[in-house]
Each structure stands twice: as structure tokens, then as C-alpha cells.
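>>> Kindly return the folded structure for what I paste below:
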Amino acid sequence: MSRALFRLARAMVKHHLGMADDPYLAALVVTWHCNARCTFCDVWKDRSIKQELTVDDYRRLLDPLSDLAVVKVTGGEPFLRPDIGALLRYLVDERHLLVQVTSNGLLTARIVDTLARLRHPLHLCISLDGFGPFVDERRGIPGYSERVLETLRQLVDLKRRHLPGMFLAVNQTLFPDHPEQVALLREPLRAIGVDDIHYGIVHNLFDAEASPEARMRYWTKLDPDYVAWAVALARNEPFTALMRRATYRYFLAGVQNRVLRGEQRPSFRCQALSRYFRLMPNGDLVTCSVFRQRVDNLKEKSLAEACRGEAVQAARRQVVTCPGCWFGCEVVPNATISGAIFKGLFYRLDPSIRTKGP
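Predicted coordinates for the structure are as follows:
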């Protein structure tokens, strides 16, 4: 993990000195297949991608990137890939990258067995919103919470025995119609030994029918009372990792200011398609998680070749003129490489101060 953090620090310094040549972060959507049926996500409905990149494809694409420091692995459900172990061993053990994997936690045995074969730790985020029939309904899987809790117990045991540096977090989506789930989940997770709980705000980023413009306007449609509740909950969450605490407070400050105060701050200069890139399971290179149209395909070409092409250059011009969004998938990579996330340690989170909304 120390080598991975060194690579990230080096990438940040090179960025500030204007010496960066390659992206520092890659967001790899490694599959669209998913074994959950979440009511607030349309990813599992997408059957358009038939052929996925292989581990050799990822090696070919990532090996030339000397500044690469962080890789986010997501889906779909990444552990549905039969070769996910080989991919993670390449990223974590061979390249010594800072790797974050997001999973629904349903495939207990496969997840634990895959991580047990790693020599170095990674960051793992498991999705769990609460207990009981409510969660089963929202996630579309009977017994969802019990299955995920068992996965967490086994992962904590694995961390103790084999991967002491592994960072294990839970992503809890906050549903305004079930506020009781926060208290119900917090203490059991602490008792199990989870490192952090990350509270997520319901959004339409995964709505396949929504236009990019509609996704960017989504914050203007959120209920201010809901946002105030979410910010108040997360404000005092005792994150164990300094960088994670800084990141989350930075993000929450932007949500608070946009929804409750009508202020577009903090803000950032987007580095999509330059300092970081997003790659779909079939090799499609997309601008970002908001503008998800295909820019190019890297199945048969390198990232450098694609970046010299007119399609990527046109997409970069679109990024420059973009009015900006405030989704965590885009905020975090931009604020990290610029160092702006550390300002989050000093932002005042006070949802009681409103200049907008009821």
C-alpha cells in the first residue's frame, strides 16, 4: 500500500509542476453483468455489451501509463468475471497501484477467495443500505442484507489473518423514506469491524434514459430537507482514513452549497480524458460518467493513439466548455489530482444555514 500511495503522491506533484504525461487514474467498468436487481439502478438491465476486455487487453492498455497511480474497478458486479482474480493480481501485486473495488457483496466465497490470493491490500467498498425486507426490495434480492453481512464478517477475518492493510468500507445509500436504517446499520457494522461507512445520496447517474443535461441538473431537483439530513448525518462520521475524510467532506460541502445555498462552490477544472479516463467493459472510451457516449474504442488501439484522434480532441473541447457537475465519480478524481480535497478538512458543514429551499 505504501508504494501505491507514493505513486499517487508523485502523480499529484507532477501534475502541479506541469510534468504529467499520462493519466493518473483509470476508472474501469469491467462488466455490465450484475446479480442484483436494484430499483434505483439500470445497469443490470443493459444487455448491449457482449464481449468484454480480457486481462491481456488491460495489460496492453495500462502498461505504458507510467503516471498511473489509482484504478477504480466497478461494474456491474466485478466479481462475476471469472478472471477478476487475475486482473486484481495484475493491478495490485504487479503494478502496485492503489485499487478500489466496488461490489454488492453477494458472492461471499468468490470475493473472499479472490482477495486471499493477493499479496498486497486494496480498498473494497461493499454496498449495503440497511436490514430486512426494505433492503431486499430495493436491491431486488431476498435475504440481501444477511448475505452481505456474512461477506463482511469473512472479509474482516481475512483482513486480520492475511491482508492487514486492506481498507473495508460500506456504501450506504440514504433513502429518505427509511431514515431508521442509518441507526440500524451503524452499530452492527462497527461491531463487525468495518473501517468506514460512506453515506450516498440518491441520484439519477445510472438512469439509462436520462440525458447528460438532465443528470447535471439533478441536484437542483433534490429535496433540501433530504440533503440537510444527509449532510447532518455524515458531518460527524468518524472516518478512520484522513484522505477519505477530506474527500467526503469536500464532496458534501459541494452538495450542501449547491442545494441549500444556491452556490456553485467548491468547483474544479475537469480533467476527464486527460488526467483520468473511463473505460467500458467492451473497450469503449467515454468522456465521463455523465457524458457516456462512446468517444473511441481501445480494443484494437492504445490510449495514446486514441488521444491523438479527432474524436478525443473534440470530447476534450466539450469538457472545457462543460458547465460542471457534482457527482462523486467525477468530483473525487479531479479534486484528488489537484489536491483540492484536502480543503475538505476545513470546510464547514452546517445544513442549518440555508439561503435556498424551504
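
>>> What is the neighbour count of Lys159?
By the criterion of other CB atoms under 10 Å, Lys159 has 19 neighbours. Every C-beta, even on glycine, is put in place using the N, C-alpha and C of the backbone.

>>> now it: how far from Gln100?
15 Å (CB to CB, to the nearest Å).

>>> go on, Phe175?
Going from Phe175 to Gln100 by CB to CB gives 24 Å.

>>> Could you give the number of residues near Ala335?
Neighbours of Ala335 (other CB under 10 Å): 23.

>>> how far away is it from Asp350?
Taking CB to CB, one finds Ala335 at 21 Å from Asp350.

>>> ditto for Asp93
Asp93 is 44 Å from Asp350, by CB to CB.

>>> do Gly105 as well
In terms of CB to CB, Gly105 sits 34 Å off from Asp350.

>>> more neighbours, those two?
Taking neighbours as other CB under 10 Å, Gly105 and Asp350 compare with Gly105 leading, 26 against 13.

>>> three-state assignment of the more buried one?
The assignment at Gly105 comes out as coil when based on DSSP: H, G, I helix; E, B strand; the rest coil.

>>> Phe330: neighbour count?
Small correction: residue 330 is Glu, not Phe. Glu330 has 23 nearby residues by other CB under 10 Å.

>>> residue contacts, it?
By CB atoms under 8 Å, 6 or more residues apart in numbering, the contact list for Glu330 reads Cys270, Ala272, Cys288, Ser289, Val290.

>>> Got phi/psi on the second one?
Same thing as Ala272. With angles defined as degrees, to the nearest 10, Ala272 sits at phi -60, psi 140.

>>> nearest residue to it other than its sequence neighbours?
Leaving aside its sequence neighbours, Ala272 sits nearest to Cys288 (CB to CB, 6 or more residues apart in numbering; 4.4 Å).

>>> which ones are touching the one you found?
Taking CB under 8 Å, 6+ apart, one finds Cys270, Ala272, Leu273, Arg278, Val319, Cys329, Glu330 in contact with Cys288.

>>> what's the answer for Trp229, then?
Applying CB under 8 Å, 6+ apart to Trp229 gives the contacts Leu174, Pro176, Pro179, Pro351.

>>> what's the first-to-last distance across stretch 200-219?
Stretch 200-219 has an end-to-end distance of 13 Å (CA to CA, to the nearest Å).

>>> So the residue nearest to Asp93 when sequence neighbours are not counted: helix, strand or coil?
Closest residue in space to Asp93, ignoring its immediate chain neighbours: Arg119 at 4.8 Å, by CB to CB, 6+ apart. Taken by three-state DSSP, the conformation at Arg119 corresponds to coil.

>>> helices and strands around the longest strand along the chain, which ones?
When the chain is parsed with DSSP state E, its longest strand is strand 167-174. Applying 3 or more CB pairs under 8 Å, 6 or more residues apart in numbering; DSSP states H and E, one finds that strand 167-174 contacts strand 123-127, helix 144-161, helix 180-192, strand 196-201, helix 224-235.

>>> list the buried ones in it?
Using 16 or more other CB atoms under 10 Å as the test for burial, strand 167-174 gives Phe167, Leu168, Ala169, Val170, Asn171, Gln172, Thr173, Leu174.

>>> Identify the residues contacting it?
40, 102, 121-130, 152, 155-156, 159, 181-182, 185, 189, 193-202, 226, 229-230, 233, 241, 244.

>>> Okay, now the sheet partners of it, with direction.
Partner strands and pairing direction for strand 167-174 (DSSP bridges) are strand 123-127 (parallel), strand 196-201 (parallel).

>>> can you state the direction angle for that strand and helix 180-192?
With axes from the mean of the first three to the mean of the last three CA atoms, to 10 degrees applied, the angle from strand 167-174 to helix 180-192 works out at 170 degrees.
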